[in-house]
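Q: for reference, the sequence and a predicted model appear below.
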Amino acid sequence: MWGKEEVMLESEAEQLCRKVIGSNSAIRSASMCSESGEILCSEHRNDETSLTTRMGGQAALIQATVRFFNRRIHEKSFGKTIFSLTLHEKVARISIPFKEKYVILVSADKEANHSEMITKDIYKILDKFK
């Protein structure tokens, strides 16, 4: 759909995030941020109560994006990040690179099979948008 250098349109980002949410019932939210920290979209499951305020959620997205792109300094030693998973007491948070300059940030129910969710559900969606 897009070449590496093309800019992601907000409507395309929203469509991708909605498809990610629809791919697995354990996914609570999906967001996309650029490497500059811009939040392109943030979609939530309809029945989901947010664990943070709107401002707190935006701050968490920006912090997760910065952490994700800071990992690039280790790529020569460890290779590129495939995904990052953090399991909290209340929720799981997943970061997945997309098209070199974006990151998909997903929150999911803590009890879900996260590896299967990522490899069988989320990657299928992302592959269609590459």
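A: Nice, thanks for sending it over. Numbers count the residues shown, from 1 in each chain.
Q: now the strands for this protein?
A: 27-34, 39-44, 84-87, 91-98, 102-109 (DSSP state E).
Q: angles on the backbone of the residue nearest to Glu35 when sequence neighbours are not counted, please.
A: Excluding the flanking residues, the one nearest Glu35 by Cβ to Cβ, 6 or more residues apart in numbering is Lys101, at 4.6 Å. Using the backbone N, CA and C atoms, a C-beta is placed for each residue, glycine as well. When read as degrees, to the nearest 10, the backbone of Lys101 gives phi -120, psi 10.
Q: about what we covered before: could you tell me the least trusted of the strands of the chain?
A: Ranked by mean pLDDT, those bottom out at strand 39-44, with a mean of 87.
Q: how far away from the center of its chain is that one?
A: 9 Å (Cα atoms, centre = their mean, to the nearest Å).
Q: mind naming the longest helix for the protein?
A: helix 54-70 (DSSP state H).
Q: could you say what helices and strands that helix packs with?
A: Counting contacts by 3 or more Cβ pairs under 8 Å, 6 or more residues apart in numbering; DSSP states H and E, helix 54-70 is packed against strand 27-34, strand 39-44, strand 91-98, strand 102-109.
Q: what about 10 Å?
A: Applying 3 or more Cβ pairs under 10 Å, 6 or more residues apart in numbering; DSSP states H and E, we find helix 54-70 packed against strand 27-34, strand 39-44, strand 84-87, strand 91-98, strand 102-109.
Q: indicate which one of the ones you listed is closest to Glu75.
A: Closest to Glu75 of these, according to Cβ to Cβ: strand 91-98, at 10.7 Å.
Q: done for today, thanks.
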